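Student: got a sequence here, can you model it:
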Amino acid sequence: MISSSLPQSGWPFLGRPLPCGVKTQNAATENNSSPELKQIAKPDWPPLNKQVGGGVSYSFSPDLVEPFAVAGEEHIRSSSILKFVAHGDSAQLLSYAVAKGFVHATVPVHSLVKHLTAADIRGVTQSHAIHLPSSAKRKDLDAFFENHTCSRCTTLTTVFTTQLGKCAKDTLHKQVSRAACRRHTMTTPVVLEAECGSSPPDHVFPPPPLTPELMRTVMKDFCKDSNPALLEETGCAVCGLLCPKVDLRPLKTVKGFLGVLVAPGVTRAERKTLTQPVKDIGGPVLDHACSMVCSSCRSSLLKGNVPADALARGTWIGPVPNVLKCLSFAEQLLVSKVRRSMCYARVSASGLHKMKAHVIAFEAPVQRVYETLPPPAEEMDEVLAILFTGPCEPTKDDLKRTPLLVRRNAVKQALEWLKLNHVDYSDVNISYANLSAYPEEEPPVSVIYKQSEDLVTTVAPSVFETPDNEGLLEGDCPFI
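Tutor: As a prediction, this is how the structure comes out:
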């Protein structure tokens, strides 16, 4: 508890009496001291070593500062503690106005430094022209102020700020908690369980109807969240990933930071003939079809780092040529070097010439790597099976609409481009004899026919399913 009276035995800290063994100055020293120092004797008081948060906390009791206060006495409360702020002349005090809650006091410097940190003491020494060794420790700094007097001791003032002590904080917390409890009690209806048979429900059911204002708010928020500008996506030139447009920035904003994306051996320029040398595409590794950069890649580039998903890390494949884009499903199987799956394709047709198709892929028990492409026609029966359902057997026109036919010229151009530009196809042998064995007007494998009258493929279709809207009446029939 903080003492309300100032002890006469010396400069106590936090209102405590002098401990045993603490001696005051003798009479001769008191007579030689200045009149300002006669009010309180100078004890050999040790600094406060109260551990708070892993360090030493230095503070002053209001009873200790109040006798020396020259301004701001109204801010000193018995429930407060005071913290050191500054020590300077009248010009420096202009930054610490009393109206802002600061307290000005002329505390003797030899008593003041006993309760300051080492950093604050070094600031005080500059005002009193006292030299301190740089290697001096905190426990040795008090000795430099013993019997110190100078012309500035009577002109310098110490500034303190008030803070609530632990007891005051606990009292304020209890008052706030009690006030909150009273407000909760006043706003919460009291319902006896005996009257309703159970505890009151948290929500009223059925809920009240929507107000016009609430309906307008719901519709407005829905339109705002479903704005096409928020849903539209585009690619990032650095990583090639699709990102919302609102998260993208123009690539020119990081133009000066693209040097980290230069990666020799990652890119490869397209070749037209075998005589052309293999060389990289100069400059940073980017997707030149995109002109924006996502926020994640932009943040990494501005820090001088390569983004985690950047194409420069080895994921660059370059633009896909037209000779590969136009390949059908069966043609893609012929140019694939590694065989990992077995496929089952089903084509359904109706009497109205509507058609739809889907495919199921199963993992092959043993993967196979081909050194000669395309593989022999008889090996295709091991990886592809076709089932056609409809009111009648498929005609040539029906088969032309499916993605199951092979165009020999398209397969030839795809394999030749891959051999020139894909590193994994450089040692592949193109067998034109195997390619000529594939028919162009029918699938490369036999087709199993099963009679059916409609396009419904499920055993128990939904009651809301409309078979009339399924399938394509004309044009190519891709897999769905």
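Student: you'd agree Ala86 is in a strand?
Tutor: Yes. Ala86: assigned to a strand according to DSSP: H, G, I helix; E, B strand; the rest coil.
Student: pretty sure Thr155 is in a helix, no?
Tutor: No. Read with three-state DSSP, Thr155 is coil and lies in no helix.
Student: skipping its backbone neighbours, what lies nearest it in space?
Tutor: Excluding its sequence neighbours, the residue lying closest to Thr155 (CB to CB, 6 or more residues apart in numbering) is Asp89, at 5.9 Å. Every residue, glycine included, has its C-beta placed from N, CA and C.
Student: who touches the one you found in this structure?
Tutor: Counting by CB atoms under 8 Å, 6 or more residues apart in numbering, Asp89 touches Ser127, Arg152, Thr155, Leu156, Thr157.
Student: Glu270 versus the third one, what's the distance?
Tutor: Read that as Thr155. 85 Å (CB to CB, to the nearest Å).
Student: which among the contacts of Asp89 gets closest to Ser426?
Tutor: Taking CB to CB as the measure, Ser127 is the one of these closest to Ser426, at 81.3 Å.
Student: number of nearby residues for that closest one?
Tutor: 18 (other CB atoms under 10 Å).
Student: next one: phi and psi at the residue nearest to Thr155?
Tutor: phi -90, psi -170 (degrees, to the nearest 10).
Student: how near is it to Thr157?
Tutor: Asp89 sits 7 Å away from Thr157, going by CB to CB.
Student: which stretches of this protein have low pLDDT?
Tutor: Along the chain, segments meeting pLDDT under 70 span 1-58, 63, 73-80, 164-176, 179-203, 350-353, 453-475, 480.
Student: let's go with 50 and repeat that
Tutor: By pLDDT under 50, the weakly predicted segments of the chain are 1-54, 187-199.
Student: in it, which strand has the most residues?
Tutor: strand 355-369 (DSSP state E).
Student: give the other helices and strands that that strand contacts.
Tutor: Applying 3 or more CB pairs under 8 Å, 6 or more residues apart in numbering; DSSP states H and E, one finds that strand 355-369 makes contact with strand 338-349.
Student: quick one: strands adjacent to the strand it packs on?
Tutor: strand 355-369 (antiparallel), strand 384-390 (parallel) (DSSP bridges).
Student: same list (the ones you listed) but as CSV, adding distance to Pro250.
Tutor: Shown next, in CSV, are these (distance: least, CB to CB, whole Å):
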stretch, distance to Pro250
strand 355-369, 41
strand 384-390, 47
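Student: so for Tyr438, which of those sits nearest?
Tutor: Per CB to CB, nearest to Tyr438 of the strands paired with strand 338-349: strand 384-390, 12.2 Å.
Student: okay, strands next: where are they in the stretch 201-350 of the chain?
Tutor: 233-235, 242-244, 248-250, 292-294, 338-349 (DSSP state E, counting those that start in this stretch).
Student: for the stretch 351-480 of the chain, same thing?
Tutor: With DSSP E, counting those that start in this stretch as the criterion, the stretch 351-480 of the chain has strands spanning 355-369, 372-373, 384-390, 429-430, 447-451.
Student: residues touching Leu230, list them.
Tutor: So Leu230 contacts Pro244, Val246 (CB under 8 Å, 6+ apart).
Student: I misspoke; the intended subject was Val159.
Tutor: Phe84, Val85, Ala86, His87, Gly88, Leu93, Tyr96, Phe102, Val103, His104.
Student: could you single out the nearest of the residues you listed to Gly390?
Tutor: Using CB to CB, the contacts of Val159 come closest to Gly390 at Val85, 92.4 Å.
Student: circling back: if you compare the strands of the stretch 351-480 of the chain, which one is most tucked away?
Tutor: Most buried of those, by mean neighbour count (mean count of other CB atoms under 10 Å): strand 384-390, with a mean of 20.
Student: picking up where we left off before, okay, the strands of the stretch 201-350 of the chain, which one's buried deepest?
Tutor: Of the strands of the stretch 201-350 of the chain, strand 292-294 is the most buried (mean count of other CB under 10 Å), at a mean of 24.
Student: now the end-to-end length of stretch 385-396.
Tutor: Using CA to CA, to the nearest Å, the end-to-end distance of stretch 385-396 comes to 18 Å.
Student: thinking again about what came up before, which one of the strands paired with strand 338-349 lies nearest to His131?
Tutor: Proximity to His131 (CB to CB) singles out strand 355-369 among these, at 82.7 Å.
Student: pull the closest one out as PDB, backbone CA atoms only.
Tutor: Extracted C-alpha coordinates of strand 355-369, given in PDB (Å, rounded to 0.1, in the frame of the first residue of the first chain):
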ATOM      1  CA  MET A 355     -25.300 -38.400 -80.400                       C
ATOM      2  CA  LYS A 356     -23.200 -38.200 -77.300                       C
ATOM      3  CA  ALA A 357     -20.100 -39.900 -76.100                       C
ATOM      4  CA  HIS A 358     -18.000 -40.400 -73.000                       C
ATOM      5  CA  VAL A 359     -14.900 -42.300 -72.000                       C
ATOM      6  CA  ILE A 360     -13.600 -44.100 -68.900                       C
ATOM      7  CA  ALA A 361      -9.900 -44.700 -68.400                       C
ATOM      8  CA  PHE A 362      -8.400 -47.500 -66.200                       C
ATOM      9  CA  GLU A 363      -4.800 -47.600 -65.000                       C
ATOM     10  CA  ALA A 364      -2.800 -50.200 -66.900                       C
ATOM     11  CA  PRO A 365      -1.200 -52.900 -64.700                       C
ATOM     12  CA  VAL A 366       2.100 -52.400 -66.500                       C
ATOM     13  CA  GLN A 367       3.300 -49.200 -68.100                       C
ATOM     14  CA  ARG A 368       4.800 -49.400 -71.500                       C
ATOM     15  CA  VAL A 369       7.300 -47.000 -73.200                       C
END
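Student: return the distance of it from the chain's centre.
Tutor: Relative to the centre of its chain, strand 355-369 is centred 40 Å away, using CA atoms, centre = their mean, to the nearest Å.
Student: contacting residues for the residue nearest the centre of the chain?
Tutor: Centrality entry for the chain: nearest residue to the mean C-alpha point is Ser296, 9.5 Å, by CA atoms, centre = their mean. For Ser296, the contact set (CB under 8 Å, 6+ apart) comprises Cys239, Pro307, Ala308, Asp309.
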